[in-house]
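Asker: 3D model of this:
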Amino acid sequence: MLFPKDNQKPNEPGAQPQSGMQMPQGMPMPQASPPQQPIIVQTTGGGGGGVKIPILFGAVVALIGACVYLFYQLNQVRNDLAQTRDTLSTELSKIYETTTVTAQTNRHNQERLEKDLQAQLDRAHAQAAQLSGQAKQEAEQHAEQIAAKLQQAQDAQAKQIATVSTDLSQTKSETAAKIDGVSSDVGTVRTDVAKNRADTEKLIAGLKTAQGDLGMQSGLIATNGKELAALKELGERNYSEFKIAKTKKPQKVGEVQILLKSADPKHNRYTIELIADDKLTEKKDRSLNEPVQFMLSRARQPYELVVNDIKKDLIVGYLAAPKVQQSRN
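Answerer: So this is what the prediction gives:
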């Protein structure tokens, strides 16, 4: 074992690395290469458990993210339900207060009218008792008319109160029906969220990875629209779908340009020219669902181009770009 010199600590600037081999004089020190992304290689047979653990851990993290997103949607629905219930309760309270004020006003008016009519009736009876003959008869007729008016007023008041009670009962029934409808909608949303989550988990579990043409392990590969939608929901990468026909000019897809040179649907092969960072690269004789990888100066992870359908003079697929964009120094 070698020890640092007495006048120089190992961690001080300028200290030479200590090792069992001395560097020749004048030879430049090797520069530390930038950290590389771990390469996950899917193997079979013995010893595969250690390789599967990172993959399973990544899948679990992705599922947790999807669950958090679905829980956020459910929480939004719950907030909307609470807001709707508060609104309906406020409206019901306003209606009840208005009805109560109207009933109180009508009752006061009725009581005042009853007092006035009762006073008139008492005066009429008193006058009838004092009168005789025709005058007494007229007084009695007048008293009967006043009594009839009093009865009509009482009937009208009772009818009005019954109408108000009916309207209040109908309002309560409609409010309860609305609350039941909102609760039913929430149950439906919960069922749909659970079904979508199960479908997404099933799709993600069926997705596979492959080694790209740069020798790096690719991310999850989608082979159809449903699988691509599941990858977009995971949100680990930015996805740009494309349909590129054979033309003389390249087509822009995301941050790159692609020119289709040939497409062989019989053997599921194609050849393209890829323009990225002002550099032209030919990707020749690539196959269906094969991850075609390339690097850009602003990203540490590779971009991946996957073609899901090959037709005559036409290819259909998507471009997966890393979420994190930074300079590779």
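Asker: Doesn't residue 243 belong to a helix?
Answerer: No - with DSSP: H, G, I helix; E, B strand; the rest coil as the criterion, residue 243 is assigned strand and is not in a helix.
Asker: Contacts only, for it.
Answerer: Residues near residue 243 by CB atoms under 8 Å, 6 or more residues apart in numbering: 314, 315, 316. The C-beta positions use only the backbone N, C-alpha and C, and glycine is treated the same way.
Asker: change it to 7 Å
Answerer: Going by CB atoms under 7 Å, 6 or more residues apart in numbering, residue 243 touches 314, 316.
Asker: And the one 10 residues further on, by the same measure?
Answerer: In this structure, residue 253 makes contact with 240, 242, 319, judged by CB under 7 Å, 6+ apart.
Asker: Does residue 269 touch residue 284 like I think?
Answerer: No - using CB atoms under 7 Å, residue 269 is not in contact with residue 284; the gap is 9.2 Å.
Asker: more neighbours, the two?
Answerer: More crowded of residue 269 and residue 284, by other CB atoms under 10 Å: residue 269, with 17 against 12.
Asker: And what about the nearest residue to that one once chain neighbours are set aside, helix, strand or coil?
Answerer: Once flanking residues are discounted, residue 269 sits nearest to residue 285: 5.5 Å by CB to CB, 6 or more residues apart in numbering. Classification of residue 285 using three-state DSSP returns strand.
Asker: ok, now how distant is residue 285 from residue 227?
Answerer: Look at residue 285 and residue 227: by CB to CB, to the nearest Å, they are 25 Å apart.
Asker: quick one: which of the two has more around it?
Answerer: The residue with more neighbours, out of residue 285 and residue 227, is residue 227; 17 against 11, by other CB under 10 Å.
Asker: Which among the contacts of residue 253 count as buried?
Answerer: 242, 319 (16 or more other CB atoms under 10 Å).
Asker: between the contacts of residue 253, which is nearest residue 117?
Answerer: Using CB to CB, residue 240 comes nearest to residue 117 of those, at 85.1 Å.
Asker: The closest one and residue 82, how far apart?
Answerer: Separation of residue 240 from residue 82 (CB to CB) stands at 39 Å.
Asker: So which residue is dead centre in this protein?
Answerer: Central residue of the chain (CA atoms, centre = their mean): residue 73, 5.0 Å from the mean position.
Asker: How far off centre is the strand or helix carrying that one?
Answerer: Assessed by DSSP states H and E, residue 73 sits inside helix 49-130. Centroid separation for helix 49-130 versus its chain: 28 Å, with CA atoms, centre = their mean, to the nearest Å.
Asker: Repeat that for stretch 217-236.
Answerer: How far stretch 217-236 lies from its chain's middle: 18 Å, per CA atoms, centre = their mean.
Asker: So which bits of it are buried?
Answerer: Quick answer for stretch 217-236 (16+ other CB under 10 Å): 217-223, 227-228, 230-231, 233-234, 236.
Asker: Then stretch 108-123?
Answerer: Buried residues in stretch 108-123, defined by neighbour count with 16+ other CB under 10 Å: 110, 117, 120, 121.
Asker: which one is the first one nearest to, not counting chain neighbours?
Answerer: This means residue 110. Distances taken as CB to CB, 6+ apart put residue 157 closest to residue 110, at 4.7 Å, once the chain neighbours are dropped.
Asker: do the same with the second one
Answerer: Excluding its sequence neighbours, the residue lying closest to residue 117 (CB to CB, 6+ apart) is residue 150, at 4.4 Å.
Asker: re the thing from before, measure the residue nearest to residue 110 to residue 286 for me?
Answerer: Residue 157 is 89 Å from residue 286, where distance means CB to CB.
Asker: Over to residue 114?
Answerer: Residue 114 sits 97 Å away from residue 286, going by CB to CB.
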